[in-house]
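Student: attaching a predicted model along with its sequence, questions to come.
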Amino acid sequence: MKKEVYITDYNCVTPLGFDVASNWNALLQGKSGVAKHKVIENQEAFYASIIDSEKLEEEFNKFFDSAQNDNTNFTRLEKMFLLSLKPLVERHNITEETAFILSTTKGNISLLKNQVTIPEGAYLSSLAQKIANFFGFKTKPIVVSNACVSGAMAIAVAKNMIQAGRYKDAFVVAGDEISEFVISGFNSFQAIGSEPCQPYDKNRSGINIGEATAAAFITSHCEERSDEAISNEKFSFKISGDSAINDANHISGPSRTGDGLYASIKNAMTEANVSAEQINFISAHGTATIYNDEMEAIAFNRMELQNVPLNSMKGFYGHCLGASGLLESIISMESALHNTLISTKNFEEMGVSQPLHIIKENQPAEIKYILKTASGFGGCNAAIVLEKC
């Protein structure tokens, strides 16, 4: 019999706040981090969700004193990672059986600007080791970098490694920042929206890029955790099922029939032993691009999930790349704890060919089973079933 694995603590740093509570309150009020920003000097401003750098510095200096920083130069992204992880590390013990998993798509890619050689910090393994060393992790860091499913897959990697007996628990941190490289890349695909994004809407024009970091503590053997850790855990969510499938359709375009996402959802729900009728809520990828939204609608209908309340967080946070899967999972768990479904911001009129139950307004709901999905470049798709305990 497989070990049961749980998410028992989490945190996030986003344009809407530097902890979960401030993010949740902002979402209840319908606040969005998406605004017009000039990221590249010689290009027009884009709609994006960006953390205020001055506020980030203030927050970092508040929690990390100069004695800790004297011998270390931290990049902006690294400061975001450290702020996300710090509260969790303070509440849970790091042992020889604790994994450290870092999820990102681009990491410190900004360090490459105007460089002839590749700086050490630009390597994802070096980034992960730097964060691990700061907090004193005793095991070699694990990097998950698989396009936009990275955050969701990092949860699955932690679960599967704990179930395999490799580790007893894990700290997972996921994040990406907005950079010239990221904006230029998505712009070359003509995927960036000219307005605040509208997932699944008839008038959607494309994505808004976002930035954030998120962190979670994942564990099994609840009875073996310290009294101090247990006293800080007010909830737990079982990771009941997970799956990741690559449809190998195209470098940037998803399968038109939703094959990869359909198979991922089917596998995750089979492992979790839940039916479509038992799923209470879907936290979808919902990028507000024509092909992604349509593919998702087809996959959800193939799984007979078209009547399950569904939202996309992209209208609030933009697409946060490697952070999105974990950040959106955290907001989903907050929804379950508060018995509240958050709306899909900017959605007005259905713009996909298959029916979906898009959440238009915040509403009360009993939530036990959550389905979180993600899809990304290269044909990757992931699905996770979370169960409120």
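Tutor: The structure has been received and is ready for your questions. Numbers count the residues shown, from 1 in each chain.
Student: can you list the low-confidence ranges for the stretch 201-350 of the chain?
Tutor: Applying pLDDT under 70 to the stretch 201-350 of the chain flags the ranges 221-234.
Student: show me where it has its strands.
Tutor: Counting by DSSP state E, counting those that start in this stretch, one finds strands in the stretch 201-350 of the chain at the ranges 209-210, 212-219, 237-246, 281-283, 309-311, 340-341.
Student: give me the contact list for the first one.
Tutor: Residues from elsewhere that reach strand 209-210, judged by CB atoms under 8 Å, 6 or more residues apart in numbering: 14-15, 33-34, 46, 48-50, 178, 182-183, 186, 192, 314, 317-321, 324. Any C-beta I mention is one placed from the backbone N, CA and C, and that applies to glycine too.
Student: what of the last one?
Tutor: Counting by CB under 8 Å, 6+ apart, the neighbours of strand 340-341 from elsewhere in the structure are 28, 281, 309, 311, 335, 359, 362-365, 367.
Student: out of these, list just those in helices.
Tutor: Judged by DSSP state H, the subset of these located in helices is 28, 335.
Student: just the buried members of the contacts of strand 340-341?
Tutor: In terms of neighbour count (16 or more other CB atoms under 10 Å), the buried residues within these are 281, 309, 311, 335, 359, 362, 367.
Student: distance to I131 added to these, as JSON lines?
Tutor: Below are the buried ones among the contacts of strand 340-341 laid out as JSON lines (distance: CB to CB, whole Å):
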{"residue": "F281", "distance to I131": "32"}
{"residue": "P309", "distance to I131": "36"}
{"residue": "N311", "distance to I131": "31"}
{"residue": "S335", "distance to I131": "28"}
{"residue": "I359", "distance to I131": "35"}
{"residue": "N362", "distance to I131": "35"}
{"residue": "I367", "distance to I131": "32"}
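Student: shouldn't L327 be in contact with G151?
Tutor: Yes: under the contact definition of CB atoms under 8 Å, L327 touches G151, with a separation of 6.7 Å.
Student: intersection of neighbour lists for the two?
Tutor: Here L327 and G151 have 174, 214, 320 as joint contacts, going by CB under 8 Å, 6+ apart.
Student: for the stretch 251-389 of the chain, what spans make up the helices?
Tutor: Using DSSP state H, counting those that start in this stretch, the helices found in the stretch 251-389 of the chain span residues 259-272, 290-302, 314-317, 324-338.
Student: which parts of the first one count as buried, going by neighbours?
Tutor: Burial within helix 259-272, assessed by neighbour count using 16+ other CB under 10 Å, is assigned to 259-269, 271-272.
Student: ok, those vs K3, which is closest?
Tutor: Lowest distance from K3 to the buried residues of helix 259-272 (CB to CB) belongs to E271, with 13.3 Å.
Student: how many other residues sit next to the closest residue in space to that closest one that isn't next to it in sequence?
Tutor: By the measure of CB to CB, 6 or more residues apart in numbering, the closest residue to E271 outside its immediate chain neighbours is G241, 3.5 Å from it. For G241, the tally of surrounding residues (other CB atoms under 10 Å) stands at 23.
Student: quick one: which of L327 and G151 has more around it?
Tutor: With other CB under 10 Å as the criterion, L327 and G151 differ in neighbour count, and G151 comes out ahead with 34 against 27.
Student: and that one, how close does it get to V34?
Tutor: Counting by CB to CB, to the nearest Å, the gap from G151 to V34 is 19 Å.
Student: next one: I178
Tutor: I178 is 12 Å from V34, where distance means CB to CB.
Student: shared neighbours of these two, anything?
Tutor: Shared contacts of I178 and V34, defined by CB under 8 Å, 6+ apart, comprise 48, 210.
Student: what's the closest of the helices of the stretch 251-389 of the chain to I142?
Tutor: For these, the distance to I142 is smallest for helix 324-338, at 14.2 Å, taking CB to CB.
Student: who touches S220 in this structure?
Tutor: With contacts taken as CB under 8 Å, 6+ apart, S220 has the following neighbours: 3-6, 162-163, 168-169.
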